[in-house]
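Undergrad: with the sequence up front, the predicted model follows.
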Amino acid sequence: MKDDPDTQFRAALASGAQAWKEGRVEAAAQAFAAATRMAPTDSAAHGNLGAVLRRLGKSAAAAACHRRALALGPDIPGHHSNLGNALRDLGHLAEAVAHFRRAVELAPDQPSFTYNLALGLRDLSRHEEARDLLAGLHAASPDDAEIAWDLALSHLYLKDYRRGFAGYEARHRLERAVARALPGERWDGRAALAGKILFLHAEQGFGDALQFARFASIAAARGARVVLEAQPELAPLFAGLPGVAQVVVKGTPPPPYDYWAPLLSLANLLEVEWDALPPPPSPRSSRRLSGGLPRPAGTRLAVGLVWAGKLVPRDRSWPLERLLPLFEDPTIAFFSLQLGPRTADLAELGADTMIRDLAPSLTGFAETAAVMAELDLVITIDSAPAHLAGMLGKPVWVLLRKVSDWRWRDEGDTTPWYPTMRLFRQADPFDFDGPVAAVKAALGEMARP
C-alpha cells in the first residue's frame, strides 16, 4: 500500500534534511525539489531548497526559491534572511540589506540575522553601523571566531589598525583555518630580539605574504636574525628581501630558532598604525628577462595585464571582454601575465591576436618580477600580481570590484600600502565598463607623446 501524499512529502523533507546533514548537497537539492512539487504551498520546502541551491553556487535560483517561500510566509524571518544572503551573492546589496533588516525586526533576538545584516551593511560601506552590530554580537559571544574575525575586518576598514590587527588573530580559530603547531616560544612582541633568531612561518595566500613581508625588516632592525618561511613559488624572490637572513621553503624543516611567529601576526605584534606603514621592501633580485621584452616597433607603452583570480571568498575577476577597449590603441603593447585556466579566455575571445601571452615563462614570482621590471605599467585585479608590482615599485593600476578587500578600503584611488598603486573602483557591482573607461583615458594620457 502506497503512502499517502502527506507521508511522502514528510519523507522527502526528512530525506533532504538527512542528506544535507551528511554533506550530500546534490541529493538534498533533489529531495527538497521533490518536496516542493508534492506540496507547492509549503513555504519551508521552498526555503530549504533555496538554502541548498545557494550552497551549490546557484544563487539566482536560490533567490527565486526564497521569494516563493516569502510569498507563502511573508513574516517568516528566516526566509527574509536567506533571501538576503542570495541577493548579497548576486550583488543586489541594498535589497539584501532590506531583507536582513526585516529579519531582525521580526526576530531581534536571533544573532544570525543580526550577523547577516552587519555583513550586508559592510558591503554597502556602512562600516560604523556594521562595526557596532558586530561589537554587540562579539560582547555576547566572545568565543565565536567568525564574529571576532568580521569585527576585526570592520576595524581595518575603518583604519583602526590596532584593534583590527589584534582581532585579526581570530583567523587561527576559524573552522576553515589550517592549524599550525610549532615547538618553542611564540614571540609576544615584547621580548627583546637582539641576537635572537626569529622564525616567521607562512600562512594564507601569495598576496598576503607579499603584503606582510615588509614587517620582517622591522624585526631585523630590532636585532633579530629573521628566517622567513615561504611557498616554493615565492622563495627565490623572498631570498632577496632586505632584513631576511634566510628563506625556508614551506614544507621543509626550519633551522633552530629562539622565537617563532606567523608572518601575518607581525602587524599586531609591532602595533602597526594606518598612517605609519613601513614601505614595501624592494627585493634584491639579479634575475633579468632573457632577451628583454619583445616590444613591437612604434610601441609607446608596454603594459602587463591580469584579469582573473580566485572565486572565493569573493570573485575579484574582471570579464576579459570588457577589457577589450584597452587594446584599441596600437601604440600600447599588452602582455598577459594571467596564469591558470583563465588564460583560455584569450583564444576564446580572439584577444590572443592583440596581446602576447607570457604565461609559459612565468614559473614563479621571481620570473614574473623579471617581466614586470621590463614593463611600463601593470593593470590587474586584486591579486598577488598587484602586490608584487607594488612591492617592486612598479606603476600598477588595480581594478576593484564594488565590494573590495579591507586593505583597499572603499574610497580613494591611492593606498598607503603601495605608493605606486592607483585604484579604479566600480560604482556598483554591475559596473564593469566605467572603471575600464577611466583606465583607458589614463592610458591615453600616459601614452601621449
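TA: Looks like it came in fine.

Undergrad: just give the closest residue to Val97, not the sequence neighbours.
TA: Using Cβ to Cβ, 6 or more residues apart in numbering and skipping residues adjacent in sequence, the residue nearest Val97 is Gly120, 4.3 Å away. All C-beta atoms are positioned from the backbone trio N, CA, C, and that covers glycine.

Undergrad: contacting residues for the one you found?
TA: Gly84, Arg88, Leu93, Ala96, Val97, Phe100 (Cβ atoms under 8 Å, 6 or more residues apart in numbering).

Undergrad: how much space between the last one and Arg131?
TA: Relative to Arg131, Phe100 is positioned 16 Å away (Cβ to Cβ, to the nearest Å).

Undergrad: what about the closest residue to Arg173 other than its chain neighbours, neighbour count?
TA: The shortest distance from Arg173 to any non-neighbouring residue, by Cβ to Cβ, 6+ apart, is to Ala145 (3.7 Å). By other Cβ atoms under 10 Å, 17 other residues sit near Ala145.

Undergrad: surely Gly223 meets Ile197?
TA: No - with contact defined as Cβ atoms under 8 Å, Gly223 does not reach Ile197; the gap is 10.8 Å.

Undergrad: looking at those two, which is more packed in?
TA: When neighbours are counted by other Cβ under 10 Å, Gly223 and Ile197 differ, and Ile197 comes out ahead with 18 against 12.

Undergrad: show me what that one is bridged to.
TA: Counting by DSSP bridges, Ile197 forms beta bridges with Arg225.

Undergrad: wait, doesn't it sit right on Ala220?
TA: No - Ile197 lies out of contact with Ala220 (Cβ under 8 Å); the separation is 11.2 Å.

Undergrad: what touches both of those two?
TA: Overlap between the contact sets of Ile197 and Ala220, as judged by Cβ under 8 Å, 6+ apart, is nil.

Undergrad: can you pull out the helices in the stretch 301-449 of the chain?
TA: For the stretch 301-449 of the chain, applying DSSP state H, counting those that start in this stretch gives helices covering 344-349, 365-374, 384-391, 433-447.

Undergrad: out of these, which one sits most buried?
TA: Each of the helices of the stretch 301-449 of the chain was scored by mean neighbour count; the highest is helix 384-391, a mean of 27, by mean count of other Cβ atoms under 10 Å.

Undergrad: which strands or helices does it pack on?
TA: Packed against helix 384-391 by the contact rule (3 or more Cβ pairs under 8 Å, 6 or more residues apart in numbering; DSSP states H and E) you find helix 206-212, helix 365-374, strand 377-381, strand 396-400, strand 421-425.

Undergrad: same for the longest one, what does it pack against?
TA: This points to helix 365-374. If contacts are counted by 3+ Cβ pairs under 8 Å, 6+ apart, helix 365-374 sits against helix 235-238, strand 301-305, helix 384-391.

Undergrad: any chance of a markdown table for those, columns distance to Phe113 and mean pLDDT?
TA: Listed next are those as a markdown table, based on distance: least, Cβ to Cβ, whole Å; pLDDT from 0 to 100:
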| stretch | distance to Phe113 | mean pLDDT |
| --- | --- | --- |
| helix 235-238 | 44 | 94 |
| strand 301-305 | 42 | 97 |
| helix 384-391 | 35 | 97 |
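
Undergrad: any chance of these in TSV, with distance to Asp188 too?
TA: Listed next are the helices and strands packed on helix 365-374 as TSV, based on distance: least, Cβ to Cβ, whole Å:
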stretch	distance to Asp188
helix 235-238	24
strand 301-305	41
helix 384-391	28
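
Undergrad: how about these, which one is nearest Phe327?
TA: Nearest to Phe327, of all the helices and strands packed on helix 365-374, is strand 301-305, at 9.4 Å by Cβ to Cβ.

Undergrad: the closest one vs strand 396-400, what angle?
TA: 40 degrees (axes from the mean of the first three to the mean of the last three Cα atoms, to 10 degrees).

Undergrad: out of the helices and strands packed on helix 365-374, nearest to Ser112?
TA: Ser112 lies closest to helix 384-391 among the helices and strands packed on helix 365-374, at 33.3 Å (Cβ to Cβ).

Undergrad: how about residues contacting the closest one?
TA: So helix 384-391 is contacted by 205-207, 210-211, 213, 237, 280-283, 304, 306, 337, 365, 368-369, 372, 378, 380, 395-396, 398, 417-418, 420-421 (Cβ under 8 Å, 6+ apart).

Undergrad: mind checking which of those are buried?
TA: Buried subset of those (neighbour count, 16 or more other Cβ atoms under 10 Å): 206-207, 210-211, 213, 237, 280-281, 283, 304, 306, 337, 365, 368-369, 372, 378, 380, 395-396, 398, 417-418, 420-421.

Undergrad: Asp382 touches Val398, doesn't it?
TA: Yes - at 6.1 Å, Asp382 counts as touching Val398 under the criterion of Cβ under 8 Å.

Undergrad: hey, what's in contact with both of those two?
TA: Here Asp382 and Val398 have Trp408 as joint contacts, going by Cβ under 8 Å, 6+ apart.

Undergrad: correct me if wrong: Pro255 contacts Arg225.
TA: No - applying Cβ under 8 Å, one finds Pro255 not in contact with Arg225, separated by 9.8 Å.

Undergrad: those two: who's more crowded?
TA: Neighbour count, other Cβ under 10 Å: between Pro255 and Arg225, Arg225 has more, with 19 against 10.

Undergrad: could you report the distance from the more buried one to Asp258?
TA: Distance, Arg225 to Asp258, by Cβ to Cβ: 9 Å.

Undergrad: go on, Glu271?
TA: To Asp258, Glu271 is 21 Å away according to Cβ to Cβ.

Undergrad: which one of these two is surrounded by more residues?
TA: Asp258 (16 against 12).

Undergrad: excluding chain neighbours, what is closest to the more buried one?
TA: Distances taken as Cβ to Cβ, 6+ apart place Lys196 nearest to Asp258, at 4.1 Å, with adjacent residues excluded.

Undergrad: got the domain ranges for this protein?
TA: The record's domain parsing of the chain by automatic domain parsing lists 5-124, 185-276, 301-447.

Undergrad: for Tyr157, find the nearest of those domains.
TA: Per Cβ to Cβ, nearest to Tyr157 of these: domain 301-447, 5.0 Å.

Undergrad: what is the burial count for Pro278?
TA: By other Cβ under 10 Å, the residues close to Pro278 number 13.

Undergrad: thought it was touching Phe212?
TA: No - between Pro278 and Phe212 there is no contact, the gap being 10.6 Å when judged by Cβ under 8 Å.
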